[in-house]
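Undergrad: could you work out the structure for the sequence below:
(3 chains, ligands or ions: 1)
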Amino acid sequence: MRIEDHPVLGKFEKGQKVRFSFDGKSLEGFEGEPIAIALRSNGVLIHRYTARRNEPRGVFCAIGRCTDCIMVVNGQPNIRTCVEPLKADMVVETQQGRGPAKESEVSHA
Amino acid sequence: MLRYEMICVGAGPAGLAAAIEAAKNGVQVVVFDENDRPGGQLFKQIHKFFGSREHRAKERGFNIGQAFLDQARETGVEVTLNAVVLGIYENGAMNVMIGDQVKQVRAQKIVVATGAAENMVPFPGWTLPGVIGAGAAQTMANIHGIRPGNKILMVGSGNVGIIVGYQMLQAGSRVAAIIDAAPKIGGYAVHAAKVARAGVPFLMSHTIKQAHGKECVTGATVIQVDSSWQPVAGTEKEFEVDTICIAVGLNPTTQLLGMAGCKMTHVPTLGGRIPVHDLDQETTVKGIYVAGDVSGIEEASTAIIEGRIAGLAIAHRLGYMDDGTFRKEREKQSQSMKGLRSGSHGERRAKAKEYLNAIMPAAI
Amino acid sequence: MTPDSSLTGFLTEEELKEGPGIPSAARRGKGPVAVIECLEDIPCNPCESSCKAGAIVVGEDITQLPHLDGDKCIACNTCVHNCPGQAIFMVDESLPGGRATVMMPYEYRPLPAEGDGVIALDRAGQVLGDATVIKIRQTRRMDRTATITIEVPKKWSMRARAIRLKT
Ligand SMILES: Cc1cc2nc3c(=O)[nH]c(=O)nc-3n(C[C@H](O)[C@H](O)[C@H](O)COP(=O)(O)OP(=O)(O)OC[C@H]3O[C@@H](n4cnc5c(N)ncnc54)[C@H](O)[C@@H]3O)c2cc1C
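TA: As a prediction, this is how the structure comes out:
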């Protein structure tokens, strides 16, 4: 999926190659690029499932407006992966509905 | 509260042009933009632009953007990034969120140059991963260097749909077709010719009926529409694609203007609800100016000229420019604009703008 | 009636026939000359301002169509990569043996190599047949628009407007 030699833009400047985890699998991406781009380069298109109907969602606007691409990142839900920069060893997970409940909510349940 | 002589909201071509023009004449200016890089839409435009030499024709959009940034730096324009303007209130007061802090600022003159957002068409399956906006396709391919998909159906034959279609070919994707419910291709003929000779078929009077796929897009059904835009049964065509790209027009980002009490009017040619403004680009609220796509969807070249006019008008009002110089400079810009708002595509926009300017006195 | 370009995207030979940017067959037979396939009144004039020979005239009103004076054209190729619409080609019908060359702007990668066999396409992207790449130009000034010249049978000189690489 990566464009190696673009006719107008040539080679794209990227950060260091880093590894991160997606749903338990170890994947490769470039530091600093949006998480969603790293995922897409690994063929991952589904970012979350909706709360009510359990429908898949992925990147739609790619500029941080529509929130379709939110995921759980390092345990924190609702991260807009189309704008959140990738860092080494990040733990990225498909978000189910509103994501994991916060610990305080769990203890009340 | 921080005070400025002039604040621009949006660091696209319109906002930067306004800021540069005013700063050149001595006005103290700050520009806020919500993104982490300035330039607005220009940085996604990798094709060569039309126009004449004075409009920087035959240069690629992103290079024009870069030149603007350099000029802004040279003229001492302050550009603050990651800064979302949340609201404009009375007497030029403004809330802006910089990083995660909300700050109050105030300016004597404000230029709102917030650009536009993409229109959407809902259809069964439109929320599937693989249905994306044309802007998203550009962001992925031209900013981040990744193909949005291997085989793409483009919905919309305006300049955005055609140009983004071409950019997808350049990114190494295949474009299955460009479809549009309108009976004729909306974009410029030379852009259309470029993708047509690459073998991309245009299907006019066709709309998307459904996106297929369970987890992701695996295909699409398109259907012909009649002259009253009704689907014609039995004319369905199937496309095996992994991406459906939506390019069905833009609408001006006018929320801040609405909040500030600027009068709006509906002008379909310019993309929807548009702020009424005069020849100086000033709205019905004194001290608030508009420039670029927010005051009617046009082009970067026209956005730049509108920005310059707003910048000149503000420099004049604030006493940095005498009447004679202002009139001469504004006339120069209007002449340059005339060239861009002519021809069969431009003339309609010229008429719509004349209408906006004409109803201004009544709207105040 | 064949559908026109407002439906299909590509200009038909019928539409092009009267175009002010199309040189005569006689001129094309004398050697390379610009063929300007621009029939829409958009505000644009880099073809005119980049033509050192004064062979292309748009005029004061930049939405007018470019007019070509074939006799003045010196086939310097500058307009081919400068046209933002990629609507200008260079055609030479003076070759012996019923052959012709067509130069076209090209903004895809990979580039073919000189001597490569490629497939010539018409304005609709339909296959015409085999062609040979005889020249590729790409300089800094061309700003990433390369030009590719292919040799084709003369009967395709006014039809071949794109190529597909053989894989
Ligand atoms: C595919 C495509 C091809 C195009 N081709 C051409 C072409 O060939 N020639 C041409 O002249 N034009 C072209 N254009 C049009 C051109 O890009 C736009 O008309 C131009 O960018 C408009 O400039 P602007 O400054 O009004 O808005 P924008 O460039 O959209 O900039 C507005 C900025 O304001 C920011 N903003 C919005 N709201 C806020 C807020 N509340 N707080 C802070 N910041 C905010 C936005 O994030 C953005 O950065 C093309 C456009 C597209 C999509």
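Undergrad: which residue packs closest to the closest residue to chain B within chain A, ignoring adjacent ones?
TA: Going by CB to the nearest CB, chain B is nearest to residue A:58 of chain A, at 2.7 Å. C-betas here are computed from N, CA, C, even on glycine. Nearest non-adjacent residue to residue A:58, counting by CB to CB, 6 or more residues apart in numbering or on different chains: residue B:129, 2.7 Å away.
Undergrad: tell me the pLDDT at residue A:103?
TA: Per-residue pLDDT puts residue A:103 at 49.
Undergrad: again, but for residue C:2
TA: pLDDT, read off for residue C:2, is 66.
Undergrad: ditto for the one 3 residues further on
TA: Per-residue pLDDT puts residue C:5 at 94.
Undergrad: for it, give me its contacts.
TA: B:185, B:189, B:192-193, C:11-12, C:15, C:39 (CB atoms under 8 Å, 6 or more residues apart in numbering or on different chains).
Undergrad: now the phi/psi pair for it, please.
TA: Main-chain dihedrals, residue C:5, degrees, to the nearest 10: phi -70, psi -20.
Undergrad: for residue C:120, same thing?
TA: According to degrees, to the nearest 10, residue C:120 has phi -80, psi 140.
Undergrad: same deal with residue C:136?
TA: As for residue C:136, its main-chain torsions (degrees, to the nearest 10) stand at phi -130, psi 130.
Undergrad: can you list the low-confidence ranges for chain C?
TA: C:1-2 (pLDDT under 70).
Undergrad: re earlier: from memory the residue of chain A closest to chain B sits against residue B:216, does it?
TA: Yes - between residue A:58 and residue B:216 there is a contact at 7.3 Å, judged by CB atoms under 8 Å.
Undergrad: more neighbours: which of the two?
TA: Set residue A:58 next to residue B:216 and count neighbours by other CB atoms under 10 Å in any protein chain shown: residue A:58 wins out with 25 against 19.
Undergrad: next, residue B:309: secondary structure please.
TA: helix (DSSP: H, G, I helix; E, B strand; the rest coil).
Undergrad: can you pull the contacts of it?
TA: So residue B:309 contacts B:279-281, B:291, B:330, B:333-334 (CB under 8 Å, 6+ apart).
Undergrad: thinking again about what came up before, and the residue nearest to residue A:58, helix, strand or coil?
TA: coil.
Undergrad: isn't it right up against residue A:46?
TA: Yes - Residue B:129 is in contact with residue A:46 according to CB under 8 Å; the separation is 5.3 Å.
Undergrad: mutual contacts of the two, please.
TA: A:56-58, B:215-216.
Undergrad: mind putting those residues into JSON lines with secondary structure, pLDDT and distance to residue C:52?
TA: Shown next, in JSON lines, are the shared contacts of residue B:129 and residue A:46 (DSSP: H, G, I helix; E, B strand; the rest coil; pLDDT from 0 to 100; distance: CB to CB, whole Å):
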{"residue": "A:56", "secondary structure": "strand", "pLDDT": "98", "distance to residue C:52": "58"}
{"residue": "A:57", "secondary structure": "strand", "pLDDT": "97", "distance to residue C:52": "56"}
{"residue": "A:58", "secondary structure": "coil", "pLDDT": "97", "distance to residue C:52": "51"}
{"residue": "B:215", "secondary structure": "coil", "pLDDT": "96", "distance to residue C:52": "58"}
{"residue": "B:216", "secondary structure": "coil", "pLDDT": "97", "distance to residue C:52": "53"}
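Undergrad: would you mind listing what in chain B touches the ligand?
TA: Within chain B, the positions near the ligand by CB under 6 Å from any ligand atom are B:9-15, B:32-35, B:40-42, B:45, B:49, B:84-85, B:113-116, B:159-160, B:163-164, B:253, B:256, B:292-294, B:298-301, B:303.
Undergrad: all helices for chain B, in order.
TA: Under the criterion DSSP state H, chain B contains helices at B:13-24, B:61-74, B:134-138, B:159-170, B:189-196, B:255-260, B:300-317, B:323-340, B:343-358, B:360-363.
Undergrad: and the residue of the stretch 51-200 of chain B found nearest chain A, how far from residue A:43?
TA: The nearest approach of the stretch 51-200 of chain B to chain A comes at residue B:129, 2.7 Å away (CB to the nearest CB). Distance, residue B:129 to residue A:43, using CB to CB, to the nearest Å: 11 Å.
Undergrad: got it, and residue B:83?
TA: Taking CB to CB, one finds residue B:83 at 36 Å from residue A:43.
Undergrad: and these two? Which one has more around it.
TA: Shown here are residue B:83 and residue A:43; by other CB under 10 Å, residue B:83 has more neighbours (20 against 9).
Undergrad: so who does the more buried one touch?
TA: B:32-34, B:96-98.
Undergrad: pick the one among the residues you listed closest to residue B:67.
TA: The nearest member of the contacts of residue B:83 to residue B:67, counting by CB to CB, is residue B:33 at 17.3 Å.
Undergrad: ok, for that closest one, nearest residue in space, not its chain neighbours?
TA: Closest to residue B:33 by CB to CB, 6+ apart is residue B:11, at 3.6 Å.
Undergrad: in the chain, which spans are helices?
TA: If you meant another chain, say so; for now it's chain A. A:35-41, A:103-108.
Undergrad: please refer instead to chain C.
TA: Under DSSP H, chain C gives helices at C:5-8, C:13-17, C:25-30, C:46-50, C:78-82.
Undergrad: mean neighbour count, those helices: which tops it?
TA: helix C:78-82 (a mean of 24; mean count of other CB atoms under 10 Å in any protein chain shown).
Undergrad: other SSEs contacting that helix?
TA: strand C:33-36, helix C:46-50, strand C:88-92, strand C:99-106, strand C:146-153 (3 or more CB pairs under 8 Å, 6 or more residues apart in numbering or on different chains; DSSP states H and E).
Undergrad: rerun that using 6 Å as the cut-off
TA: helix C:46-50, strand C:88-92 (3 or more CB pairs under 6 Å, 6 or more residues apart in numbering or on different chains; DSSP states H and E).
Undergrad: wait, which of these is closest to chain A?
TA: helix C:46-50 (17.2 Å).
Undergrad: next one: the closest one, is it in contact with the ligand?
TA: No - shown here: helix C:46-50 not in contact with the ligand (CB under 6 Å from any ligand atom), separated by at least 12.7 Å.
Undergrad: pull the CA atoms of that helix into PDB?
TA: Output of helix C:46-50 as PDB, limited to C-alpha atoms (Å, rounded to 0.1, in the frame of the first residue of the first chain):
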ATOM      1  CA  PRO C  46       1.100  29.500 -19.500                       C
ATOM      2  CA  CYS C  47       1.300  28.000 -23.100                       C
ATOM      3  CA  GLU C  48       1.400  31.600 -24.500                       C
ATOM      4  CA  SER C  49       3.900  32.900 -21.900                       C
ATOM      5  CA  SER C  50       6.200  30.000 -22.200                       C
END
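Undergrad: just how off-centre is it within its chain?
TA: 15 Å (CA atoms, centre = their mean, to the nearest Å).
Undergrad: with stretch C:30-44 instead?
TA: So, by CA atoms, centre = their mean, the centroid of stretch C:30-44 is 8 Å from its chain's centroid.
Undergrad: okay, that stretch in CSV with CA atoms only?
TA: The C-alpha trace of stretch C:30-44 is given here as CSV (Å, rounded to 0.1, in the frame of the first residue of the first chain):
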residue,chain,number,x,y,z
LYS,C,30,6.9,19.3,-42.6
GLY,C,31,8.2,18.3,-39.1
PRO,C,32,7.4,18.4,-35.4
VAL,C,33,4.7,20.9,-34.4
ALA,C,34,2.6,21.6,-31.3
VAL,C,35,-1.0,20.2,-31.2
ILE,C,36,-3.0,22.1,-28.6
GLU,C,37,-6.1,20.2,-27.5
CYS,C,38,-7.7,22.9,-25.4
LEU,C,39,-11.3,23.8,-26.3
GLU,C,40,-12.6,25.2,-23.0
ASP,C,41,-12.6,28.8,-22.0
ILE,C,42,-10.8,28.5,-18.7
PRO,C,43,-8.6,31.3,-17.4
CYS,C,44,-5.1,30.1,-18.3
